[in-house]
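Q: Return atomic coordinates for the entry below.
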Amino acid sequence: MHEMYAVVSDVSNYYKFVPYVKKSLVHSQRNGGFKADLIVGFPPLSERYTSNVSLSAPNLVKSVCHDGRLFNFLLNDWRFSPGLKDIPQSCVVDFKVAFEFKSRIHSNIANIFFDLICDQMEHAFVAEAKRRYGPPSIKSHILSWRRS
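A: Here you go, the predicted structure:
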């Protein structure tokens, strides 16, 4: 649980392992969180946005973006809880995302590639945890998935 929290909360290094993140800069650190500027995209599109990230170790990483350039809103909510009792290094990750792009072009692209992007991002965080901490204690499983 602590390991997955550490990977997800390490926003300053997202550009190294999260697909489509070209740059990630953490600033305005405060007790319980920070602001982060991210540049995301894939050729020929590239956009910048700012998120307010709230942290509650080792259980919660939440980011909110209302900066108005790329998104009307973007909400990411990561919650971590203990996994199987007999496998102490296991955990349950509950991830929720809600967003609305300002641009119809971005919305159309996101709708077409949403499932693929989510799958790539899930694999990126698991792969980064494996790189940092070694192989997982148990194979990851998606317990439920819902697209609104």
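
Q: For this protein, give me the ranges with low pLDDT.
A: Applying pLDDT under 70 to the chain flags the ranges 68, 143-148.

Q: any chance you could map the helices in it?
A: Applying DSSP state H to the chain gives helices spanning 2-9, 14-17, 104-133.

Q: Now do the first one: which elements does it pack against?
A: What that stands for is helix 2-9. Counting contacts by 3 or more Cβ pairs under 8 Å, 6 or more residues apart in numbering; DSSP states H and E, helix 2-9 packs against strand 60-65, strand 71-82, helix 104-133. (Glycine included, C-beta is placed from N, CA and C.)

Q: okay, those in CSV with mean neighbour count and distance to Leu45 next?
A: Shown next, in CSV, are those (neighbours: other Cβ atoms under 10 Å; distance: least, Cβ to Cβ, whole Å):
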stretch, mean neighbour count, distance to Leu45
strand 60-65, 19, 17
strand 71-82, 16, 14
helix 104-133, 14, 7
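
Q: So which of these is nearest Asn13?
A: Distance to Asn13, taken as Cβ to Cβ, is lowest for helix 104-133 among these, at 8.3 Å.

Q: returning to that earlier point: put together a markdown table for the helices and strands packed on helix 2-9, with distance to Ser12 on each row.
A: Below are these laid out as a markdown table (distance: least, Cβ to Cβ, whole Å):
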| stretch | distance to Ser12 |
| --- | --- |
| strand 60-65 | 13 |
| strand 71-82 | 16 |
| helix 104-133 | 13 |
